[in-house]
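**Student:** How does the following fold in three dimensions:
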Amino acid sequence: MRLPRSLSGWTMAVFGLLAAALGVVGLVSPDALLTLMGFAPVPGGERADGDHTLVFMTASSMAALNMGVYYVLAALADWKAFFRWTVPFRLLTCAVFTLAVLAGRAPAGFLGVGLWEGLGAVVTGAALRHENRGREKAVA
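**Tutor:** Residues are numbered from 1 along each chain as shown. Now for the predicted structure:
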């Protein structure tokens, strides 16, 4: 069995596994994922005409599954450039999701999604910084 070779790789693998798992949950049971994110699910028979929540859930859950697999594959390849690219965009996602809650566009429970992204970005960034400092000391 192949495992990540660096601390930053482990952060990416954990994030990727969680994203993939939540993507699967959203595909199998969209209402469970909606509840987890702080949204009140609407029973299927009570959805208004033109309510495309389930379409959105299918699309975003499939994207989460794909993203999770990409993160795990990048972790197994120890692709540090990819790790670095994700940090600012995960921080941006944190900011956008947090602002959506503060602006009243999303329920307070959705703040957890933003914080998960932000915390993951900070942990990955810190791991990359730690690894770079270790390399610099080894060269000096």
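**Student:** Helices along the protein, start to end?
**Tutor:** Secondary structure of the chain, counting by DSSP state H: helices at 7-28, 30-36, 53-77, 80-102, 111-139.
**Student:** and those helices, which is most packed in?
**Tutor:** Stretch with highest mean neighbour count among the helices of the chain: helix 7-28 (a mean of 19; mean count of other Cβ atoms under 10 Å). Where you see a C-beta, it was placed from the backbone N, CA and C, and this is true even at glycine.
**Student:** From the chain's centroid, how far away is that helix?
**Tutor:** Put simply, helix 7-28 sits 7 Å off its chain's centre (Cα atoms, centre = their mean, to the nearest Å).
**Student:** if I look at G112, how far off is C94?
**Tutor:** Distance from G112 to C94, counting by Cβ to Cβ, to the nearest Å: 11 Å.
**Student:** My error: substitute M67 in the last question.
**Tutor:** With Cβ to Cβ as the criterion, M67 and C94 are 15 Å apart.
**Student:** ditto for G16
**Tutor:** With the distance defined as Cβ to Cβ, G16 ends up 17 Å from C94.
**Student:** So what does A40 have for phi and psi?
**Tutor:** As for A40, its main-chain torsions (degrees, to the nearest 10) stand at phi -90, psi 120.
**Student:** ok, now which ones touch it?
**Tutor:** Taking Cβ atoms under 8 Å, 6 or more residues apart in numbering as the contact definition, A40 lies against L34.
**Student:** if you set the cut-off to 10 Å instead, what comes out?
**Tutor:** Taking Cβ atoms under 10 Å, 6 or more residues apart in numbering, we find A40 in contact with D31, L34, P107, G109.
**Student:** could I get these as TSV with distance to V42 and pLDDT?
**Tutor:** Shown next, in TSV, are the contacts of A40 (distance: Cβ to Cβ, whole Å; pLDDT from 0 to 100):
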residue	distance to V42	pLDDT
D31	8	91
L34	9	89
P107	14	87
G109	16	84
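**Student:** ok, so of the residues you listed, who is nearest L99?
**Tutor:** Taking Cβ to Cβ as the measure, L99 lies nearest P107 of these, at 13.9 Å.
**Student:** which ones are touching that closest one?
**Tutor:** Listed by Cβ under 10 Å, 6+ apart, the contact partners of P107 are M37, G38, F39, A40, A100, V101.
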